[in-house]
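Asks: Quick one, structure for this:
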Amino acid sequence: TGGDDPVRALPQGIPVGPGRCRAPVRAGPGDSGVRFALVDVTTPADGVRSARLRDGRRLAYAEFGDPAGRPAFYFHGFPGSRKEGALIDRPARTRGVRVIAIDRPGYGGSDPCPGRSLLDWADDVAELADMLAVDRFLAIGASGGGPYVAACARRLADRLSGAGILCGMGPMDDPSLARD
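Replies: Here you go, the predicted structure:
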């Protein structure tokens, strides 16, 4: 419905309009003209993987839960990282959920993205989902990850099978929320 804008309640000062980061696209040696390449850098120490996005940035993620389960992208709190996904590994396994926990730009192993907007996050998620051959998925965010779920709900509604915000962080600069 026209009045139900899930991003409307986001803190002021977070840009929600168009505008991708201005990172240059870095073509590697022997570039075959492929738009992106999945670069699996799994390490035994922490299971981190990364994907090289079309704009050349690296987006780090880790997988938890049931590898063959229903896909759910997990967006960490503020501050935080993909490692939060380990907290729900066991319940996700028993419930048949594949958790893909992503480091937002500038966090953990993900490259920063100067000039990005909140809605740009949905584009990064869609690109990673495409690389992982995930058509439909859940979006789950805790605390500071909540606004990123709202951005995905707005931009990727046709790809989401559900969305959940746990202890969502709301606008911290809204004077009407202050209590005496």
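Asks: which residues touch stretch 103-114?
Replies: The contact list for stretch 103-114 (CB atoms under 8 Å, 6 or more residues apart in numbering) reads 20-23, 48, 50, 57-61, 75-76, 79-83, 102, 116, 120-121, 124, 148. Backbone N, C-alpha and C define where each C-beta goes, glycine included.
Asks: So for that stretch, first residue to last residue, what's the gap.
Replies: Separation of the first and last residues of stretch 103-114 by CA to CA, to the nearest Å is 15 Å.
Asks: Now it: buried residues?
Replies: Buried residues in stretch 103-114, counted by 16 or more other CB atoms under 10 Å: Asp103, Arg104, Pro105, Tyr107, Gly108, Gly109, Ser110, Asp111, Cys113.
Asks: Give me the subset of those that lies in helices.
Replies: Of the buried residues of stretch 103-114, none are assigned to helices by DSSP state H.
Asks: Turn those residues into a markdown table, including distance to Gly65.
Replies: Formatted as a markdown table, the buried residues of stretch 103-114 follow (distance: CB to CB, whole Å):
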| residue | distance to Gly65 |
| --- | --- |
| Asp103 | 17 |
| Arg104 | 20 |
| Pro105 | 24 |
| Tyr107 | 21 |
| Gly108 | 19 |
| Gly109 | 20 |
| Ser110 | 21 |
| Asp111 | 26 |
| Cys113 | 27 |
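Asks: Thank you kindly, that will do.
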